[in-house]
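> just need the structure, nothing else, for what follows:
(one chain, ligands or ions: 1)
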Amino acid sequence: MSTVQSIGWSPACDALRILDQRELPHACVERDLRTVDEVCDAIRTLAVRGAPAIGAAGAMGLAAAMTPRADEARDAWTARLRDSAARIRAARPTAVNLPWAVDRVLAAVAAADTDGAASAATLAAALRDAADAILVEDRAMCRAIGEHGVALLRDGARVLTHCNAGALATCGIGTALAPVYVAHERGQRVAVWADETRPLLQGSRLTAWELAQAGVPVTVIADGMAAALLRTGTIDAVLVGADRIAANGDAANKIGTYALALAARAHGVPFYVLAPSSTVDVATPDGARIPIEERDPDEVRAPMGRAAAPAGVAVWNPAFDVTPAHLITGIVTESGVVHPPYDFSTLGAPRSALTPSGERAERRAPSAERHGAQS
Ligand SMILES: CSC[C@H]1O[C@H](OP(=O)(O)O)[C@H](O)[C@@H]1O
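Numbers count the residues shown, from 1 in each chain. Here you go, the predicted structure:
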């Protein structure tokens, strides 16, 4: 089964190629990003979005921007790397995958600088390889999340999701939607209800689009309808993604997720968070310490450019909210399903992608066909 792919290397392998999610579902527009400004703008404007995808985009965009500079003197190159990395790292504050990915590729460059005199070309090659490893490993993590999560879905399962935590939000088949794709691939019947997810409509514009492309039955609802739908008994499980999971299991996700968790608990519907271990932030003890991005009020006044409120009216536009751990039935990562009480404080650095059987994901050299539809 092939799912859409939102991110990869350009065919010439000289740029980060993204599918511009601002244009979906009306048009599929690919953009090649080569500069730090272009990468930061794409992340800030949600041309590329979704916690794992912005982590990979940050790392790959940094490599794409720094590789053409590899003929510079090493000190100039490393100074430029530090400045560029800091700018990309700060492009959006909530998804921990962005700083995690940038820090990981910086560590790879430092490790390659064994004698402190490596050339810029050597360091640029290490940067590029580390960024590519994140791309490859995220695909494997998504697959592992799907293979663990599919056990939560009976044949004929009816799933409710919020925002987009599918293939478009990752380098692979998604996180919250990964079990749906694995079930569909295996011939298991599964249907999805998708919150439209105001104000940027990632659910109706993106989740519905990618599921329809894959042939998975999907029904769009307004966010305010979710509690009434849960009350009917139609939904077997709520599956959502995450942008940051604190050490105690509190999870930040798109605004509206907390309300969904409350409604799911009120109606006895299991509520699962699905995310790679790169979304777990052991340095953040609980959800109160997760930075919540506040976005431009005009996104609410005029969502997708269409006036929905008088100009100048006051608006509150947090992009995320925090679901407390006690409302989360289980958290699915590439390593399996965990249940409360959660304690991620002992989790080591995010493991590289492991399949459910524990084999390490295969590594492949960067290649042009990487950007094609993936299987
Ligand atoms: C697979 S993580 C997806 C996660 O990211 C989304 O936020 P945004 O669209 O602002 O990048 C949303 O919270 C999703 O659950």
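
> got the contact list for D155?
188-189 (C-beta atoms under 8 Å, 6 or more residues apart in numbering). Bear in mind the C-beta positions are built from the backbone N, C-alpha and C, glycine included.

> if I look at it, how far off is D236?
As judged by C-beta to C-beta, to the nearest Å, D155 and D236 stand 11 Å apart.

> for the residue lying closest to A178 once chain neighbours are set aside, helix, strand, or coil?
Leaving aside its sequence neighbours, A178 sits nearest to G146 (C-beta to C-beta, 6 or more residues apart in numbering; 3.2 Å). For G146, the assignment made with DSSP: H, G, I helix; E, B strand; the rest coil gives helix.

> thought G146 was touching A176?
No - the pair G146 / A176 is not scored as a contact, 10.0 Å apart, by C-beta atoms under 8 Å.

> the more surrounded of those two?
A176 (30 against 25; other C-beta atoms under 10 Å).

> how about the more buried one, nearest residue that isn't a chain neighbour?
Among residues not flanking A176 along the chain, A165 sits closest, at 3.6 Å (C-beta to C-beta, 6+ apart).

> can you list the residues of the stretch 1-150 of the chain near the ligand?
Residues of the stretch 1-150 of the chain lying near the ligand by C-beta under 6 Å from any ligand atom: 46, 49-52.

> run the last query once more with 5 Å
Residues of the stretch 1-150 of the chain lying close to the ligand by C-beta under 5 Å from any ligand atom are 49-51.

> so which of the residues you listed are in helices?
Using DSSP state H, the members of those that fall within helices are A51.

> how about the contacts made by G203?
161-164, 194-197, 220.

> the helix or strand of the chain at the bottom of the mean pLDDT ranking and the ligand in contact?
The helix or strand of the chain with the lowest confidence, counting by mean pLDDT, DSSP states H and E, is helix 298-301 at a mean of 90. No - contact between helix 298-301 and the ligand, assessed by C-beta under 5 Å from any ligand atom, is absent, since the two come no nearer than 10.7 Å.

> then that helix to PDB, C-alphas only?
Below are the C-alpha coordinates for helix 298-301, written out as PDB (Å, rounded to 0.1, in the frame of the first residue of the first chain):
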ATOM      1  CA  ASP A 298      -5.900  36.200  11.900                       C
ATOM      2  CA  GLU A 299      -5.800  32.400  11.600                       C
ATOM      3  CA  VAL A 300      -9.000  32.400  13.700                       C
ATOM      4  CA  ARG A 301     -10.500  35.700  12.400                       C
END
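
> what packs against the next helix or strand after it?
Note on helix 298-301: by DSSP states H and E, the next helix or strand toward the C-terminus is strand 320-323. Counting contacts by 3 or more C-beta pairs under 8 Å, 6 or more residues apart in numbering; DSSP states H and E, strand 320-323 packs against strand 251-254, helix 257-266.
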